[in-house]
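Student: kindly return the folded structure for what I paste below:
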Amino acid sequence: MEEQHMMNDEIEIDLREIFGLFLRRIKLLILCGLIGALAAGGVTKFAITPQYTATSMIFILTKTTSVTSLADIQLGSELTSDFLLLATSRPTLEKVIDELGLEETTAELKNMVAVSNPSDTRILQISVTDPDPETAAKIANAMADATAESVAEVMSTDRPSIVERAVKPGAPSSPNLFKNILLGGMGAVFLVMAILVLRFLMDDTIKNEDDVEKYLGLHTLAALPTERKKNRSQRKDKREQKE
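Tutor: Here you go, the predicted structure:
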């Protein structure tokens, strides 16, 4: 029990020393945080191409189904997975490429498209991300039309309705300048803190009488003021040189 108490005391003392180390180096931490934030902001602003996301929406149930019927609602929920696959199938992507005259391959276009179904809805969201906001909106609308046509062809049913057509986004969806600046500053601070802690743990030199008592278990009888003695010796040498 006593040994456990001593171990807890040592851990508490170590944590206090580390906290004190951070306080002594607070100016360095703040400076490194500012440098990291500025660096992350500069890279985000000038080195990363902004990406714009446009979204169109399709209603899964067709005109021949009724939302008042429980069976129709269940059918719409079950068809969601089929619609998700059809939206990014090769024939659907090829239709969009041919219609818009895109240079991307089907694999490249598929990477630009994200299809999702919000929970508890019969809505299919088709989001397209591209460096050009106008192109993103055009592809999103073309994807919605092509998906509706593919569904009608494959399932031999009416063409699903377009709930909302994509519009040209006014602001980029990524990168997030504020988020990157915050992460850059915090990352720099944590890196410097880790380096300080590592140096502190690797430093096993004895600097004062407290370290003597802590690490060697001995009590100091006297302490020699070496710094003062050195200063006095330097002043004495200067006086002798003047004489």
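
Student: for the rest of this, base every contact and every neighbour count on C-alpha atoms.
Tutor: OK.

Student: what's the host helix or strand of residue 124 packed up against?
Tutor: In this structure, residue 124 sits in strand 123-130 according to DSSP states H and E. On a contact count with 3 or more C-alpha pairs under 8 Å, 6 or more residues apart in numbering; DSSP states H and E, strand 123-130 meets strand 52-59, helix 70-87, helix 106-112, strand 113-116, helix 133-155.

Student: which residues does the shortest one contact?
Tutor: Meaning strand 113-116. 84, 87-88, 124-129 (C-alpha atoms under 8 Å, 6 or more residues apart in numbering).

Student: could I get it in CSV with only the CA atoms?
Tutor: Only the C-alpha atoms of strand 113-116 are listed here, as CSV (Å, rounded to 0.1, in the frame of the first residue of the first chain):
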residue,chain,number,x,y,z
VAL,A,113,-20.4,11.0,-57.8
ALA,A,114,-21.8,10.2,-54.4
VAL,A,115,-25.3,8.7,-54.2
SER,A,116,-27.1,8.5,-50.9
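
Student: buried ones in it, by neighbour count?
Tutor: For strand 113-116, the buried set under the neighbour-count rule, 16 or more other C-alpha atoms under 10 Å, comprises 113-115.

Student: state the mean pLDDT of it.
Tutor: Here strand 113-116 scores 92 as its mean pLDDT.

Student: and the longest one, by the same measure?
Tutor: In this model, helix 133-155 carries a mean pLDDT of 91.

Student: quick one: work out the angle between it and strand 52-59.
Tutor: Per axes from the mean of the first three to the mean of the last three C-alpha atoms, to 10 degrees, the angle that helix 133-155 makes with strand 52-59 is 30 degrees.

Student: run through the bridge partners of the residue lying closest to residue 162 once chain neighbours are set aside.
Tutor: Spatial nearest neighbour of residue 162, excluding adjacent residues (C-alpha to C-alpha, 6 or more residues apart in numbering): residue 58 at 4.6 Å. Per DSSP bridges, the residues bridged to residue 58 are residue 124, residue 162.

Student: residue 58 contacts residue 163, doesn't it?
Tutor: Yes. Contact criterion C-alpha atoms under 8 Å: residue 58 and residue 163 qualify, at 5.2 Å.

Student: other SSEs contacting the longest helix along the chain?
Tutor: Longest helix in the chain, counting residues (DSSP state H): helix 177-202. Using 3+ C-alpha pairs under 8 Å, 6+ apart, the elements in contact with helix 177-202 are helix 2-24, helix 26-46.
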